[in-house]
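Undergrad: from the sequence below, what's the structure:
(2 chains)
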Amino acid sequence: QKEVEQNSGPLSVPEGAIASLNCTYSDRGSQSFFWYRQYSGKSPELIMSIYSNGDKEDGRFTAQLNKASQYVSLLIRDSQPSDSATYLCAAPSLGQNFVFGPGTRLSVLP
Amino acid sequence: GAGVSQSPRYKVAKRGQDVALRCDPISGHVSLFWYQQALGQGPEFLTYFQNEAQLDKSGLPSDRFFAERPEGSVSTLKIQRTQQEDSAVYLCASSLEGLPYEQYFGPGTRLTVT
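TA: A predicted model of the protein is given here:
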């Protein structure tokens, strides 16, 4: 059973701080990694994808991938109350279906 | 451009009724996925189409669940003889190519079985 694990939270950070979300995966064959944001009552929205070891930055978001340690993280700089949501990690293997983690609930406190 | 659309957005069914949920993917997207999401959980894979071919249906929970995509665009997920445990949000996603590329989700259909 391929697994993706996340701390369910809630993770609370003050406005303006850096939020750090972590995800570990069990399948060494995973080739690509995705972070989705899901607001309460809404569907998941793709915010970042990463395919290579290292960091990938997009605005206030940075995804970090370490294939040797089998973890991927998402950093949100200058966190805003509007970032409060559940963040889902997905780590499919080539040709395999998406397995989503349970999600980490982030709360950014004004 | 238009995103993934799903209908109906909400469906209430009495136990034992059949329901049909529709998904209209992003134009030109080859792959289409159905997921089931229970409250407080991540989406759980149900089935996957590449064009009109159903390549994986391993996630369908029982033979009461059936999905089709006859012309390689619109897809329908049908649940026969609904049970209370079928109550969930059903999400559809599409992808420009096959796995493991980015998937884009529709708004979902919230099914409540009473």
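Undergrad: what's the burial count for residue B:59?
TA: By other C-beta atoms under 10 Å in any protein chain shown, 16 other residues sit near residue B:59. All C-beta spots, glycine's among them, are computed from the backbone N, C-alpha and C.
Undergrad: gap between it and chain A?
TA: 7 Å (C-beta to the nearest C-beta, to the nearest Å).
Undergrad: tell me the SS of that residue?
TA: coil (DSSP: H, G, I helix; E, B strand; the rest coil).
Undergrad: per-residue confidence for it?
TA: In this prediction, residue B:59 carries a pLDDT score of 91.
Undergrad: name the element the nearest residue to residue A:33 once chain neighbours are set aside belongs to?
TA: Nearest non-adjacent residue to residue A:33, counting by C-beta to C-beta, 6 or more residues apart in numbering or on different chains: residue A:72, 4.6 Å away. If you go by DSSP states H and E, residue A:72 is part of strand A:71-76.
Undergrad: tell me the strands beside that strand, with direction?
TA: strand A:19-25 (antiparallel), strand A:61-66 (antiparallel) (DSSP bridges).
Undergrad: hey, where'd the strands end up in chain A?
TA: Taking DSSP state E, the strands of chain A run over residues A:4-6, A:11-14, A:19-25, A:33-38, A:45-50, A:54-58, A:61-66, A:71-76, A:85-90, A:104-109.
Undergrad: list the buried ones in the last one?
TA: Looking back up the chat, that one is strand A:104-109. A:104, A:105, A:106, A:108 (16 or more other C-beta atoms under 10 Å in any protein chain shown).
Undergrad: cool, and the second one?
TA: When neighbours are counted by 16+ other C-beta under 10 Å, the buried residues of strand A:11-14 are found to be A:11, A:13.
Undergrad: now that strand - C-alpha only, CSV.
TA: Output of strand A:11-14 as CSV, limited to C-alpha atoms (Å, rounded to 0.1, in the frame of the first residue of the first chain):
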residue,chain,number,x,y,z
LEU,A,11,-1.1,24.1,12.5
SER,A,12,-1.5,27.6,13.8
VAL,A,13,0.9,30.4,12.8
PRO,A,14,0.6,34.2,13.4
